[in-house]
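[1] Sequence plus the predicted model coming up.
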Amino acid sequence: MNARRFSVLMLAIVMLLGFTMSANAEVEKSASADVSFMSNYVWRGLKLSEDWVIQPSVTFSIAGFSANLWANWDSDYEVGGDRGELTETDYTLSYGFSPVEKVSLEGGYIYYGLEGIPDTQELYVSASADVLLSPSVTLYWDIDEGNGGFMVLSVGHSFALPDLGTVKGASFDVGASASVDFDNKVMGPGKDGNEFTNFYNGEISASLGLPIGQFVTISPMIAYSFPLSKDAKAAMEAISFDMDKDILYGGVNVSASF
């Protein structure tokens, strides 16, 4: 299925969700939109831009089902002499639920619409616990170009901050993650030139959550990503812009939820 046909399918699903949300006021539903202004596009430890990017996203959810549209606009990507291009558009369908108290499960499908390289698709499952450090584990499996897996384990904590004038409910959030690649061709070749199974990247991050009014939150953030194996270093050198391996990046996210 090409990106255009999938865009039409996603639009139909979103419209169906909207009509259902309007028709049934008792069903739990929500909508959110956000945009991130980032110094670089960094994905799973790979630096995929040479300059700043803008990343908008919109999500509709109802009764545990969600539809998300995400995009990346690269300020330095050049086409026909003009700089600035939409280099990626991702579509995600998911379903999440809580089988027991403090435990959440989610599964979904992601279509990656990419500029200049073949599109690809993933299935994923995720589990998280509402306990100390909020641990979570997510396994992605590429069913298209990558034909392999990628797992991310993460922890984090949110510290409530005192009220800052008119800003109430602010937080300081920290997180850390580690990942493992399972012969996923999309993630690049290892030190022997072939796909590999090994640790991939680690990342630490910090952000501020600053609520503005009832619906909007502004979140400046900074993160540092680094390889966890020689295979990962080789893959990052092969794929990342400027052959970067250790990456310090940051930006600001503005989000609204309803």
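    Right, received. Where do you want to start?
[2] Only C-alpha atoms from now on, for both contacts and neighbour counts.
    Will do.
[3] so how many other residues sit close to residue 56?
    Residue 56 has 19 neighbouring residues, counting by other C-alpha atoms under 10 Å.
[4] Got the confidence number for residue 77?
    Residue 77 is assigned 86 on the pLDDT scale.
[5] top strand in this structure by residue count?
    What stands out as the longest strand in the chain, according to DSSP state E, is strand 82-100.
[6] now the helices for the stretch 151-258 of the chain?
    Assigned helices in the stretch 151-258 of the chain, in chain order: 230-239 (criterion: DSSP state H, counting those that start in this stretch).
[7] Residue ranges in it under the pLDDT threshold?
    Regions of the stretch 151-258 of the chain meeting the criterion pLDDT under 70 are absent.
[8] Go through the one helix or strand residue 75 maps to and flag the buried ones.
    Using DSSP states H and E, residue 75 falls within strand 65-79. Residues of strand 65-79 classed as buried by neighbour count (16 or more other C-alpha atoms under 10 Å): 65-75, 77.
[9] Any chance you could give me the next helix or strand after the longest strand of the chain in CSV, C-alpha atoms only?
    Proceeding N to C from strand 82-100, the next assigned helix or strand is strand 103-114, under DSSP H and E. Provided in CSV are the C-alpha atoms of strand 103-114 (Å, rounded to 0.1, in the frame of the first residue of the first chain):
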residue,chain,number,x,y,z
VAL,A,103,-0.2,-2.2,34.3
SER,A,104,-0.9,-1.0,30.7
LEU,A,105,-0.6,-2.9,27.4
GLU,A,106,-0.6,-1.5,23.9
GLY,A,107,-0.3,-2.9,20.4
GLY,A,108,-0.2,-1.2,17.1
TYR,A,109,0.8,-0.7,13.5
ILE,A,110,3.1,2.0,12.0
TYR,A,111,3.5,3.0,8.4
TYR,A,112,6.7,5.0,7.7
GLY,A,113,6.3,7.2,4.6
LEU,A,114,9.8,8.3,3.7
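[10] residues touching the residue nearest to residue 142 when sequence neighbours are not counted, list them.
    Distances taken as C-alpha to C-alpha, 6 or more residues apart in numbering place residue 122 nearest to residue 142, at 4.2 Å, with adjacent residues excluded. Shown in contact with residue 122 (C-alpha atoms under 8 Å, 6 or more residues apart in numbering): 109-111, 140-144.
[11] mind checking the end-to-end distance for stretch 110-128?
    19 Å (C-alpha to C-alpha, to the nearest Å).
[12] Skip the chain neighbours and tell me the closest residue to residue 205.
    Taking C-alpha to C-alpha, 6+ apart, and ignoring the residues beside it in sequence, residue 205 has residue 223 as its nearest neighbour in space, at 4.1 Å.
[13] One more: residue 103?
    Excluding its sequence neighbours, the residue lying closest to residue 103 (C-alpha to C-alpha, 6+ apart) is residue 129, at 4.6 Å.
[14] Check the burial of the one you found by counting its neighbours.
    By the criterion of other C-alpha under 10 Å, residue 129 has 17 neighbours.
[15] Wait, it touches residue 99, no?
    No - at 11.2 Å, residue 129 does not count as touching residue 99 under the criterion of C-alpha atoms under 8 Å.
[16] Report the separation between the spatially most central residue of the chain and residue 100.
    The residue lying closest to the centre of the chain (C-alpha atoms, centre = their mean) is residue 43, at 7.7 Å. Distance, residue 43 to residue 100, by C-alpha to C-alpha: 32 Å.
[17] Then residue 118?
    Distance of residue 118 to residue 100, given as C-alpha to C-alpha: 40 Å.
[18] so what's residue 206 up against?
    Contact partners of residue 206, counting by C-alpha under 8 Å, 6+ apart, are 172-175, 221-223.
[19] So what sits opposite it in the bridge?
    Taking DSSP bridges, one finds residue 174, residue 222 as the beta-bridge partners of residue 206.
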